[in-house]
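In: Need coordinates for the following:
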Amino acid sequence: MIKIILTNGTTLNNLSKNGDNFIANYLITPDVFENNLSPVTIIEDNETTKHDRMALEQLIQNGNEMWFVLRDLTRQEILDEKLRSDIDYIAMMADVDI
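Out: Presented below is the predicted three-dimensional model:
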């Protein structure tokens with residue numbers, strides 16, 4: 001079984017995996033992941049992996065199961081996010097609408 005611990009301490013327990021999909025036999029809503037994927041800890045077969053920044057790629061309901069895919073953000077995505085944040089801050093300080 002797999003366990004995922006999100007940023008705010010929310011734990012998704014008793015997960016299985018099919019390829020890149022994590023599978024839960026309980027309801028998971030998208031808001032569980034919102035602003036909650038930096039960092040993420042995944043525990044699988046007593047091996048712990050910490051991911052600094054992830055993205056929710058997919059979340060679907062398949063019968064009574066929830067299938068979801070998490071992926072690490074690329075370096076370029078992180079740089080783009082930082083640049084956008086810097087631009088928004090400068091615009092706010094200059095009282096300019098972008």
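In: buried stuff in stretch 43-54?
Out: By neighbour count, and taking 16 or more other Cβ atoms under 10 Å as the criterion, the buried residues in stretch 43-54 are 43, 51, 54. (C-beta placed from N, C-alpha, C; glycine too.)
In: got a list of contacts for it?
Out: Outside of stretch 43-54, the residues that reach it under the criterion Cβ atoms under 8 Å, 6 or more residues apart in numbering are 2-5, 17, 37-42, 70-73, 78.
In: Could you give the bridge partners of residue 4?
Out: Beta-bridge partners of residue 4, counted by DSSP bridges, are residue 12, residue 42.
In: Residue 69 too?
Out: Residues found in beta-bridge contact with residue 69 (criterion: DSSP bridges) are residue 58.
In: contacting residues around it?
Out: If a contact means Cβ under 8 Å, 6+ apart, then residue 69 has 20, 21, 22, 56, 57, 58, 59 as its contacts.
In: do you know how far the second one is from residue 66?
Out: With distances taken as Cβ to Cβ, to the nearest Å, residue 21 is found 10 Å from residue 66.
In: So between those two, which is more surrounded?
Out: Set side by side, residue 21 and residue 66 show unequal neighbour counts under other Cβ atoms under 10 Å, the larger going to residue 66 at 21 against 18.
In: Which helix or strand contains the more buried one?
Out: In this assignment (DSSP states H and E), residue 66 forms part of strand 65-72.
In: what comes up buried for that strand?
Out: 65, 66, 67, 68, 70.
In: and which of the residues you listed is nearest to residue 27?
Out: residue 66 (6.4 Å; Cβ to Cβ).
In: Am I right that that closest one is in contact with residue 24?
Out: Yes. Checked against Cβ atoms under 8 Å, the pair residue 66 and residue 24 is within contact range at 4.6 Å.
In: need the contact list for residue 56.
Out: Residues counted as contacts of residue 56 (Cβ under 8 Å, 6+ apart) are 30, 33, 37, 68, 69, 70.
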